[in-house]
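[1] Predicted coordinates and the sequence they were generated for:
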Amino acid sequence: MTAFETIVAQLKSLANPVNVAGMARFGIKADNTLGISMPILRAMARPHRKNHELALELWQSGIHEARILASLVDDPKKVTVEQMETWTVDFDSWDICDQVCSNLWEKTPYAYDKAVEWARRDEEFVKRAGFVLMARSVVGGKKRLDPTQMGVIFSEIERGAADGRNYVKKAVSWALRQIGKSSLELNRQAIDTATKIAAFDAPSARWIAADALRELKSDAVRQRLSARAK
């Protein structure tokens, strides 16, 4: 058996219908989902790190957990813009979106450009990917973004706040909060952005603003950022 065949067989042997039902309650589709936990998937990925060809095979299988594994084993240096577009258009759940962005896309040299591009798209999970990747590019990215790039990100967050779709508005809120917890200066800019959003005539914008301001202005966040600055 090939590595791909062995992994798929192992995944199917670990299927847990009870977990699938639980995942469905959190908005994760039950189709082609096996109910395998992330710790198990991370352990399975370790012997296959930087295996680009295996990652492509795993993604093509369409199995939920195999696609998460694909993001864990792929080699960021071999990822192409075309691959990023193909996989991202395939996203059909928020956890696949978030895992691929965090495990793989943020490590590519295209992270910032694709984040901005996708945030302007209409497809719900593609748009979500844009905002998740924005946050990951700021918080986890290896390359520090310059003030102009940060200005674009905050502008896109403002624009995205008017989108009331559940998986988009939650990603916009998460991006704003994560970025605002990165440094005192970004905290100030995030609070300014949230304050502008609060004035929008859209329920999603008011929810995002309240969610962000509550956390970004909290004593715990401000004390942590002040201590880090020292």
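    Thanks, I have it.

[2] which parts of the helix or strand of the chain with the lowest mean pLDDT are buried?
    Ranked by mean pLDDT, DSSP states H and E, the helix or strand of the chain with the weakest confidence is helix 17-25, at a mean of 83. Within helix 17-25, the residues that count as buried by 16 or more other Cβ atoms under 10 Å are N19, V20, M23. For every residue, glycine as well, the C-beta is placed using N, CA and C.

[3] Double-check the last one against T33; I have them as touching.
    Looking back up the chat, that one is M23. Yes: the criterion here is Cβ atoms under 8 Å, and M23 meets it with T33 at 6.4 Å.

[4] that older thread, now for the helix or strand following the least confident helix or strand of the chain, which elements pack on it?
    For helix 17-25, the following helix or strand on the C-terminal side (DSSP states H and E) is helix 38-45. Where contact means 3 or more Cβ pairs under 8 Å, 6 or more residues apart in numbering; DSSP states H and E, helix 38-45 is packed against helix 3-13, helix 64-73.

[5] Give the residue spans of the chain that score low on pLDDT.
    By pLDDT under 70, the low-scoring segments of the chain are 30, 141-142.

[6] all helices for it, in order.
    Secondary structure of the chain, counting by DSSP state H: helices at 3-13, 17-25, 38-45, 52-60, 64-73, 81-90, 94-103, 111-119, 124-139, 147-160, 166-180, 184-198, 203-216, 219-229.

[7] Please work out which of those helices is packed deepest.
    For the helices of the chain, average neighbour numbers computed from mean count of other Cβ atoms under 10 Å are highest in helix 124-139, which has a mean of 26.

[8] tell me the contacts of P203?
    Applying Cβ atoms under 8 Å, 6 or more residues apart in numbering, we find P203 in contact with G164.

[9] center of the chain - which residue?
    D98 (3.0 Å; Cα atoms, centre = their mean).

[10] doesn't V132 make contact with that residue?
    Yes: using Cβ under 8 Å, D98 makes contact with V132 at a distance of 5.4 Å.

[11] so how far is S71 from the residue nearest to the centre of the chain?
    Between D98 and S71 the computed distance is 10 Å (Cβ to Cβ, to the nearest Å).

[12] sorry, back to before: which other helices and strands does the least confident helix or strand of the chain contact?
    By 3+ Cβ pairs under 8 Å, 6+ apart, helix 17-25 packs against no helix or strand.

[13] can you state the direction angle for it and helix 64-73?
    Interaxial angle of helix 17-25 relative to helix 64-73 (axes from the mean of the first three to the mean of the last three Cα atoms, to 10 degrees): 80 degrees.

[14] quick one, domains of this structure?
    For the chain, automatic domain parsing gives the domain ranges 1-78, 92-230.

[15] M84 is nearest to which of the ones you listed?
    Shortest distance between M84 and the domains of the chain, using Cβ to Cβ, is found for domain 92-230: 5.8 Å.

[16] and the end-to-end length of that closest one?
    End-to-end span of domain 92-230 (Cα to Cα, to the nearest Å): 43 Å.

[17] Contacts only, for L104.
    Neighbour list for L104: S71, L72, D74, P76, V79 [criterion: Cβ under 8 Å, 6+ apart].

[18] That'll do, ta.
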